[in-house]
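> mind folding the following:
(one chain, ligands or ions: 1)
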Amino acid sequence: MNKITLYPDKKLHPLGDLYGIFFEDINHAADGGLYAEMVQNRSFEFDTIDNRRYNPLTAWETLGCEVRVENAYPLNRNNTHYLVIEVNDYECGVENHGFNDGMHIKKGERYKFSFYARRNTGFSKDVNIRLVSKETGPVACETIKITSCDWEKYQCVLTAEESGVCYLVITTSGKSLVYLDDVSLFPENTYKNRENGLRRDIATLLAELKPKFMRFPGGCLVHDGNLDPHARNSLYRWKNTIGDVSERPTRRSNWGYNQTLGLGYYEYFLFCEDIGAKPLPVLPAAYNPHHHDAVPFDELKPWIDDALDLIEFANGTTETKWGKIRAELGHSEPFNLEYLAIGNEEVGDDFFERYPYFHKAIKEKYPEIKLIGSSGPFPCGGEFEKGWKCARENKSEMVDEHYYVSPEWMIANNKRYFEYKKDDPKVFLGEYASWGNTFYNALCEASYMTAMETSGNVALACYAPLLCNADYVNWKPDLIWFNGESAYGTPNYYVQKLFMNNQGDSAIEHSVVSEKNSVALSDENITGEIFFKTVDTEAQFYDIKINGKTVNEKGFTLKREGSQMKKLEEVGILGDFELECKAKELDGKRGFIICFGVKGYGNLYHWEFGGWQNQDSAVCSTVNYRESVLAHELRSVEKDREYTLKVVVRKNVILCYIDNELVHEAVVKPAVVEPVYTASSVNEDGSVVLKVVNLQDTEYNAEIETNMNIQRVAGEVITGDLNAENSFENPKNIVPCNIAFEYEGSVIKHSFPSHSVTVIVING
Ligand code: AHR
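Here you go, the predicted model:
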């Protein structure tokens, strides 16, 4: 019999705020998502800067009249464009199509409509505001009279008589010019009925996770853009996101759409409070790593002031400048900010040179704030190491790690955080996921989380990305999917929920003695074919040698047309080898890719020198089409320069050389599935939590022994087909269910099903 023994009296470490969420406006997660505004392009500010397909009338349709967008007499200096309708006797106007397939209106619900408008002298006709179903016609109607030739706000409430997928229709008659801006429609029924609030169904799914913290507002969103806060495509500057929504500047998001910033810092803080999550903002570090734009050192002050002012905005008394602004916005009590991240997955010395200025200034004024440094977008490599060095030198409380990997990487690297030093800064795993939303992905993530929890070196962790609008996908997998009608959690969501709802206050010691064996999923050594590859790049490969012997002297040229590949036909399947070649980039965007250990298209290793905007050199493994980075450095390929590239494979070790300089050394860890993965914790009320993940395809029969006189045992299990996913049609395909336990005295006997995550809560 397998045996798990729990020692509730032996506390290992507090679990604190371990499990949280990360919100980024990616995949239309805010506008067209969590932010409940139903009108798309409400301020006529859409522009080709945001997206090549946009224009100021995107999402708007004219109804029988001439309209244009002007900017001569704007609503305010941030909201410069407005709509002009030339009304010509008969009923005419415009309609807004909202997001997705239209506005999903529900019978009996009330919708708050508002706009800013002005008229020409003498115009006195009613303006008709209607919600019109595409199927059945109008479902709600109201009228508004525009009474001024200056901008005024007008509002009404529309009550839906029927349900339907609707457009918002605004019409009038008479003969005049009518001017509109900031046209808005919100369901009254937002989450906690907040003004300018959040979509109830999505917010409820988030609240039900019971996250301990929420990281926001990004992601790449934070550090991609212009250094000028007034630029349309500015880096994310929080001060642009508070106050009257009609005065917030519109913003280009690097995710290829427009951000109204209607969901801004005040709303984020409020939402955190509403769901009981500690706020964890991420500020840009005066540096855009995507385009290597850095603020000169003598101009850092406004950026550092942004950080100091944010802390005052969140925590200052109403006597302080920013605390007073918070109170004026409606929240005189502080938001109790405890954590602050400077930078999102930064790479480049420009960041590491600037971070200390932020750190010093913040710690001088607010020593209690826990500061989080950054270590790039990969789990290893030169920039990753620099991130850790920078955090150690500055004594940051945490380092933000990010990685998206194959499920097998998670299995192979299960013990990663046991290798971290106790006296180092703690880990903030600010973004992680295995590639996919199947139950198998969720299961592998669960196995990884048990070790994260037990190691004691991870202080905070959140899956990424959080939300995805199914019609505007920038990135997948995601935790929650939604459309205009509904939202559902993925199996990954339900695993996160199980862990978050049952975190426990302190990890406790426990032991596992298994009769079952581990199961290896992959070969320990690297073997396979060799390919050369380029992407959007013309390059020559020649003088190719294997183990010192020339196999193709003349070589070949790969064209600059998408993805180009050539197999090294001269050799077959190779294990230990030394491959050397000359390579020259002739034209294009990237550099050279050498694939090895290739076992079909979806299973291979590769080294790319000159990847991602020709900035990176990385060694990756791909398992079933899912990639993980094994080594990384910042390196660019120079055009027309001859390089000598060498790849040496020795069993499971990969060495890569550029012009005889060792650039990467990667050790491939084999994916071996343990008999079971466990984590255990105790709550302040004395209840004990045991999490058990069975990744194997046979059940795990165990006796669970505690030193408690067990009175009550409750628990949940999530299990199913490894390939199963949830969907709009079948949102509860994979969800946890309650289970009963057999127990006597201090012992519980349980059979953990194959492919399952079980959480047991034991009360003595
Ligand atoms: O989570 C999606 C993106 O992944 C984030 O914006 C970025 O930080 C990371 O590269």
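> which parts of the strand or helix carrying residue 565 are buried?
Using DSSP states H and E, residue 565 falls within strand 563-567. Going by neighbour count (16 or more other Cβ atoms under 10 Å), the buried part of strand 563-567 is 564, 566. The C-beta positions use only the backbone N, C-alpha and C, and glycine is treated the same way.
> on contacts alone, who are the packing partners of it?
Under the contact criterion of 3 or more Cβ pairs under 8 Å, 6 or more residues apart in numbering; DSSP states H and E, strand 563-567 touches strand 529-535, strand 556-558.
> can we see that at 6 Å?
Here strand 563-567 touches strand 529-535, going by 3 or more Cβ pairs under 6 Å, 6 or more residues apart in numbering; DSSP states H and E.
> can you tell me how far residue 337 is from the ligand?
According to Cβ to the nearest ligand atom, to the nearest Å, residue 337 and the ligand sit 21 Å apart.
> what sits closest to that residue if chain neighbours are left out?
residue 314 (3.6 Å; Cβ to Cβ, 6 or more residues apart in numbering).
> I'd say that neighbour and residue 333 touch.
No - counting by Cβ atoms under 6 Å, residue 314 does not reach residue 333; the two are 10.7 Å apart.
> who's more crowded, these two?
With neighbours defined as other Cβ atoms under 10 Å, residue 314 and residue 333 compare such that residue 314 has more, 23 against 9.
> so where does the more buried one fall, helix or strand?
helix 301-315.
> now that helix: buried residues?
So, applying 16+ other Cβ under 10 Å, buried residues of helix 301-315: 303-304, 306-315.
> and the pLDDT at the residue nearest to residue 337?
As summarised for this prediction, residue 314 has a pLDDT of 98.
> doesn't residue 142 belong to a helix?
No - applying DSSP: H, G, I helix; E, B strand; the rest coil, one finds residue 142 to be strand, outside a helix.
> could you find the closest non-adjacent residue to the closest residue to the ligand within the chain?
The chain approaches the ligand most closely through residue 219 (2.9 Å), counting by Cβ to the nearest ligand atom. Distances taken as Cβ to Cβ, 6+ apart put residue 24 closest to residue 219, at 3.5 Å, once the chain neighbours are dropped.
> so the one you found: helix, strand or coil?
At residue 24 the chain is in coil, as set by three-state DSSP.
> distance of it relative to residue 122?
Distance of residue 24 to residue 122, computed by Cβ to Cβ, to the nearest Å: 49 Å.
> residue contacts, residue 600?
Applying Cβ atoms under 6 Å, 6 or more residues apart in numbering to residue 600 gives no contacts.
> which one's the longest strand in this protein?
strand 164-187 (DSSP state E).
> so which bits of stretch 752-764 are buried?
Neighbour-count burial for stretch 752-764 flags 752-753, 755-762 (criterion: 16+ other Cβ under 10 Å).
> give the rounded mean pLDDT of the very next helix or strand once past the helix holding residue 314.
Where DSSP H and E defines the elements, the next helix or strand beyond helix 301-315 is helix 321-329. For helix 321-329, the mean per-residue pLDDT is 98.
> can you point out the helix or strand that includes the closest residue to residue 608 other than its chain neighbours?
Computed as Cβ to Cβ, 6+ apart, the closest residue to residue 608 that is not its neighbour in sequence is residue 593, at 4.6 Å. If you go by DSSP H and E, residue 593 is part of strand 592-598.
> and that strand, what's buried?
Neighbour counts over strand 592-598 (16+ other Cβ under 10 Å) mark 592-598 as buried.
> ok, stretch 127-142 next?
Neighbour-count burial for stretch 127-142 flags 127-133, 139-140, 142 (criterion: 16+ other Cβ under 10 Å).
> and that stretch, how far apart are its ends?
This stretch, stretch 127-142, spans 8 Å end to end (Cα to Cα, to the nearest Å).
> can you list contacts of it?
Residues outside stretch 127-142 that contact it (Cβ under 6 Å, 6+ apart): 105, 113, 143-144, 156, 158-162, 164-167, 169-172.
> the same query, at a cut-off of 8 Å, please.
With Cβ atoms under 8 Å, 6 or more residues apart in numbering as the test, stretch 127-142 has contacts from 91, 93, 95, 102-103, 105, 107, 111, 113, 117, 143-146, 156-172, 178.
> please pick the buried ones from those residues.
Neighbour-count burial (16+ other Cβ under 10 Å) applied to the contacts of stretch 127-142 gives 93, 95, 102-103, 105, 111, 113, 117, 144, 146, 156, 158, 160, 162, 164-172, 178.
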